[in-house]
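[1] pasting the structure only:
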């Protein structure tokens, strides 16, 4: 499976949550540049957003949508179908981040977290993602084709250290409850992939790694003070694997791609 040629996205509709900035904006522009109509969803759009203008000019639609709100998710889905008539790809990129709770350094020890932080993080990153998926997968199941790409994190991984024994990927990064919510999303993705495989819909996961988006740079000094090195990647580094997965079908489903490692392997 390789990334689709530029003209192959003509006639396809790509929905992207968290589409207004960061990875979401990079993906929105990349798919539009390749002929797709984009449904860009975000809880907050800046007034006079150039991206929103470009999405509408390209035949797509930019919509406000809190993925934890059923009424907003329903309205977004209905508006997307009314405007575009179909959905071929869903990128679940919207997420609550560590910096939303811990704005100085994005770090917190498990015993210092609050129950409400865990509840909110899972409400957005797991249940909210499921709410959006429940709606936007319907046209894919009906047309028996489509691809869902869930943006997760490699802190959800475990690494074998001995026969029958594993440890966490990077438990020293003080990245809870974010990594726990992404572990749940990754697990859910694998189960969903198997569930919808008979309908020829793919579900895959990507682990972008530390990526520059709104507020990322402001955390660097705080993390450095904790001895946590953070080298931020440009959002465009996710484009090759996402373009590839956007044309996946049931023959290429149920996998997780560590973007940094995958990109390096393609260049080797």
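    Thanks, I have the structure now. Since the model is a prediction, treat every value here as computed from it, not as a measurement. Numbers count the residues shown, from 1 in each chain.
[2] the helices in this structure, which residues?
    With helices called from DSSP state H, the chain shows them at 22-33, 50-57, 70-84, 98-101, 115-122, 129-136, 138-143, 178-196, 216-225, 239-245, 259-267.
[3] can you lay out the ones you listed as TSV showing mean pLDDT, mean neighbour count and distance to residue 44?
    Where C-beta positions appear, they are placed from N, C-alpha and C, glycine not excepted. As requested, the helices of the chain are exported to TSV (pLDDT from 0 to 100; neighbours: other C-beta atoms under 10 Å; distance: least, C-beta to C-beta, whole Å):
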stretch	mean pLDDT	mean neighbour count	distance to residue 44
helix 22-33	96	23	12
helix 50-57	98	16	11
helix 70-84	98	16	12
helix 98-101	90	18	13
helix 115-122	98	15	16
helix 129-136	98	20	16
helix 138-143	98	16	26
helix 178-196	97	19	20
helix 216-225	77	15	17
helix 239-245	97	21	23
helix 259-267	93	14	26
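[4] same list (these) but as a markdown table, adding distance to residue 209.
    What follows is the helices of the chain, written out as a markdown table (distance: least, C-beta to C-beta, whole Å):
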| stretch | distance to residue 209 |
| --- | --- |
| helix 22-33 | 11 |
| helix 50-57 | 23 |
| helix 70-84 | 28 |
| helix 98-101 | 14 |
| helix 115-122 | 19 |
| helix 129-136 | 19 |
| helix 138-143 | 28 |
| helix 178-196 | 12 |
| helix 216-225 | 12 |
| helix 239-245 | 12 |
| helix 259-267 | 5 |
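[5] quick one: closest of those helices to residue 157.
    helix 178-196 (8.2 Å; C-beta to C-beta).
[6] what packs against the closest one?
    Counting contacts by 3 or more C-beta pairs under 8 Å, 6 or more residues apart in numbering; DSSP states H and E, helix 178-196 packs against helix 115-122, helix 129-136, strand 146-151, strand 201-207, strand 256-258.
[7] among the ones you listed, which is nearest residue 217?
    When the helices and strands packed on helix 178-196 are ranked by proximity to residue 217 (C-beta to C-beta), strand 146-151 comes first, at 19.9 Å.
[8] which of the helices and strands packed on helix 178-196 sits closest to residue 63?
    Per C-beta to C-beta, nearest to residue 63 of these: helix 129-136, 11.7 Å.
[9] can you list contacts of the closest one?
    15, 17, 41, 65, 67-68, 70, 73-74, 76-77, 80, 87, 90, 92, 94, 148, 150, 185, 188, 192 (C-beta atoms under 8 Å, 6 or more residues apart in numbering).
[10] picking up where we left off before, for residue 11, find the nearest of the helices of the chain.
    helix 70-84 (10.3 Å).
[11] which elements pack onto that closest one?
    strand 13-17, strand 37-42, strand 61-64, helix 129-136.
[12] nearest to residue 111, out of the ones you listed?
    That would be helix 129-136 among the helices and strands packed on helix 70-84, by C-beta to C-beta, at 27.0 Å.
[13] report the distance from that closest one to the chain centre.
    Offset of helix 129-136 from its chain centre (C-alpha atoms, centre = their mean, to the nearest Å): 13 Å.
[14] how about stretch 198-207?
    The answer for stretch 198-207 is 13 Å, by C-alpha atoms, centre = their mean.
[15] could you give the mean pLDDT of it?
    Model confidence over stretch 198-207 averages 98 on the pLDDT scale.
[16] hmm, who's touching that stretch?
    137, 140-141, 144-154, 156-157, 185-186, 189-190, 192-193, 196, 238, 241-242, 245, 248-250, 252-259.
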